[in-house]
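Asks: only geometry, no sequence info:
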């Protein structure tokens, strides 16, 4: 089964420091990988995706992610964290459905807390 | 703001009530999804509609009944729910069959069953 794993329930970082939110994947074939962010009582907002091409993908709000095929990872990064980055972050992989079409399968989420 | 609108934003219902959640997308997508998000649990995919046909139903109890009258609208009909059904219900849309396109989510409906 195709899946993603987020090994950390919570990540704490000081404002101004770099942040990393980890994600590993298990897929057959070429993976389509995504990162989403969720603020309290809101829906998920798309941050960035990896389809093909450069392993370093740049997204919204200064976030980027590095695709590493040998380590089957797709970690989310930001050089300098802001308090406003505090939110729940989800990694996801696109899965093809046998009945046609596709869907996103999400990780369990990582709560990011950025403190002053 | 995301092009996917869900109504109502909040809903409180008794276990004997019947209610419906509505989702509308203005993005021209041809696939729509219902997800359930419970506290301290992973996002659960409930239903997938592609080209207005249901292509996946993840063993969801029959007290949840989806309806997709056209590619822009998706409903989730609720009846005789249980307190454990209280959760945030998220609707999403995307363009099929392109695997590289991201899904867009609505703001969700916060459902409380009393």
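Replies: Right, received. Where do you want to start? Please read all numbers here as calculations on a predicted model, not as lab measurements.
Asks: what's the mean pLDDT across the strand ranked longest in chain A?
Replies: When chain A is parsed with DSSP state E, its longest strand is strand A:87-96. Per-region confidence: strand A:87-96 scores 93 on mean pLDDT.
Asks: quickly check: it near chain B or not.
Replies: Yes. Using CB under 8 Å from any CB of the partner chain, strand A:87-96 comes into contact with chain B via A:90, A:94, A:96. No exception for glycine: its C-beta is placed from N, CA and C like everyone else's.
Asks: buried sites along that strand?
Replies: A:87, A:88, A:89, A:90, A:91, A:92, A:93, A:94, A:95 (16 or more other CB atoms under 10 Å in any protein chain shown).
Asks: ditto for stretch B:33-52
Replies: Those buried within stretch B:33-52 under the rule 16+ other CB under 10 Å are B:33-37, B:42-43, B:45-50.
Asks: again, but for stretch A:33-49
Replies: Buried residues in stretch A:33-49 (16+ other CB under 10 Å): A:33-38, A:42-49.
Asks: what does stretch B:75-92 give?
Replies: Neighbour-count burial for stretch B:75-92, with 16+ other CB under 10 Å as criterion, is recorded at B:75, B:76, B:78, B:81, B:85, B:86, B:87, B:88, B:89, B:90, B:91, B:92.
Asks: any idea how far the third one is from residue B:20?
Replies: As for residue B:78, its distance to residue B:20 is 7 Å (criterion: CB to CB, to the nearest Å).
Asks: by how many degrees do the helix-or-strand element of chain A with minimal mean pLDDT and strand A:87-96 diverge?
Replies: Across the helices and strands of chain A, mean confidence by mean pLDDT, DSSP states H and E is lowest for strand A:102-106: a mean of 87. Angle of strand A:102-106 versus strand A:87-96, following axes from the mean of the first three to the mean of the last three CA atoms, to 10 degrees, is 140 degrees.
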